[in-house]
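**Q** All I have is the shape, not the residue letters:
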């Protein structure tokens, strides 16, 4: 299954829709504007919370937690590296690799493909294609991808300041 995510360029809080292959709104993502650390709520088409992503505030390296149905299912951590960014996904037995600066990466469970994300170029705002394997719960895959994107954004903001 493919999902399409387009983030707004001029937005004070994270608010955007994730669409399916037919262009229908599948999920709505909303960030909390005034909170300690980044927090993202992911809602399904019925308005029910499908996932919640929360940044660990006082951490040496960027760290985000993923919650599904109120239960922590994964922790995304930026590893300490000097040349190429590296991330770990704890709790799901998933591994991630690829080019994070260009938003082109894949996630695997062992040798089984889970999800890939690729950035669409020459679009207004950041647009991504999220390709999820059929056997994977799309809430988990989407939440992990959003958490990795939040870690990348935080690391990028920290590097530019």
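**A** Sure thing, it's come through. Here the structure is a predicted model, which means the values were calculated and not measured.
**Q** okay, CA-based contacts and neighbour counts for the rest of this
**A** Noted.
**Q** Can you pull out the low-pLDDT segments for this protein?
**A** Of all residues in the chain, those with pLDDT under 70 make up the ranges 7-13, 34-35, 59-61, 80-85, 101-102, 121-125, 154-161.
**Q** repeat that with 50
**A** Across the chain, the stretches falling below the confidence threshold (pLDDT under 50) are 9-12.
**Q** for it, what spans make up the helices?
**A** Secondary structure of the chain, counting by DSSP state H: helices at 138-160.
**Q** Would you check how far apart the residue lying closest to residue 88 once chain neighbours are set aside and residue 136 are?
**A** With sequence-adjacent residues excluded and distances taken as Cα to Cα, 6 or more residues apart in numbering, residue 88 is closest to residue 77, at 5.3 Å. Summarising the geometry, the distance separating residue 77 from residue 136, computed by Cα to Cα, to the nearest Å, is 21 Å.
**Q** Compare those two (neighbour count), which wins?
**A** Comparing residue 77 with residue 136 by other Cα atoms under 10 Å, the one with more neighbours is residue 77, at 20 against 13.
**Q** Wait, that one touches residue 66, no?
**A** No. When contacts are counted by Cα atoms under 8 Å, residue 77 is not listed as touching residue 66 (11.3 Å).
**Q** How much space separates the residue nearest to residue 88 from residue 137?
**A** As defined by Cα to Cα, residue 77 lies at a distance of 21 Å from residue 137.
**Q** swap in residue 24?
**A** The separation that residue 24 has from residue 137, given Cα to Cα, amounts to 19 Å.
**Q** With residue 57 instead?
**A** In this structure, residue 57 lies at 28 Å from residue 137, with Cα to Cα as the measure.
**Q** Repeat that for residue 93.
**A** Using Cα to Cα, one gets 14 Å for the distance from residue 93 to residue 137.
**Q** thought residue 14 was touching residue 39?
**A** No. In terms of Cα under 8 Å, residue 14 does not count as a neighbour of residue 39; the distance is 9.3 Å.
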